[in-house]
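J.: Okay, predicted coordinates and the sequence, questions at the end:
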Amino acid sequence: MTFKTIETQEELDQIIQGRLDRQKESLVKQYSDYDDLKKQVSTLTNENTSLQSTISKSKEKYADYDQNIENLNSKISGYETANLKTKIALENGLPYDLADRLVGDDEESLKADAERLAGFVKKDDPVPPLKDPEPNTGSDENSAYKNLIDNLEGE
């Protein structure tokens, strides 16, 4: 291709117009799917919005479930601790009512506290009866006197 000099303004305008036309065709070809892409973006935006609303509704719906699970787990932990305290108290000879007074985080500390508390609690030994609880059914000559003595009340 040989170089041709441009001598008039019309030739220059024609060359520039040809270049602009080629550029315009290139851009039209390059962005020919712009409307389709714009529709896809709007569709995806709508879907995203609906999914976000669904997610937020789900979060609201299940937010109290997490709180309920936490509450139930704490209740279970409390029941397990109370059961362990009762078991340790009874093993150490403490009354059932004193089981709640045991202090500790684990089984070893609860046992140590129960042993300490058991040292302060007086164990009730059975006291033998002061007189014979069986009625006197004897028919000997002294039975009337024995009956009289048994029925006397002390002052």
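T.: Thanks, I have it. Numbering: from 1, shown residues only.
J.: how close does residue 15 sit to residue 78?
T.: Per CB to CB, to the nearest Å, residue 15 is found 91 Å from residue 78. (Glycine included, C-beta is placed from N, CA and C.)
J.: likewise residue 14?
T.: Separation of residue 14 from residue 78 (CB to CB): 93 Å.
J.: okay, the residue most central in space within the chain: pLDDT?
T.: Relative to the mean C-alpha position of the chain, the nearest C-alpha, by CA atoms, centre = their mean, is the one of residue 70, at 2.1 Å. According to the prediction, residue 70 has pLDDT 92.
J.: three-state assignment of residue 152?
T.: Three-state call for residue 152 (DSSP: H, G, I helix; E, B strand; the rest coil): coil.
J.: Which residue ranges of the protein form strands?
T.: If you assign secondary structure with DSSP state E, the chain ends up with no strands.
J.: the bottom helix or strand of it by mean pLDDT?
T.: One helix or strand of the chain scores below all others by mean pLDDT, DSSP states H and E: helix 143-150, with a mean of 77.
J.: Got phi/psi on residue 106?
T.: For residue 106, the backbone dihedrals (degrees, to the nearest 10) come out as phi -130, psi 180.
J.: Count the residues that sit near it.
T.: The local packing of residue 106 (other CB atoms under 10 Å) involves 9 other residues.
J.: my read: residue 111 touches residue 87, true?
T.: No - in this structure, residue 111 is not within contact of residue 87 by CB atoms under 8 Å, at 10.1 Å.
J.: Read off the pLDDT value for residue 84.
T.: Reported pLDDT at residue 84 in the predicted model: 93.
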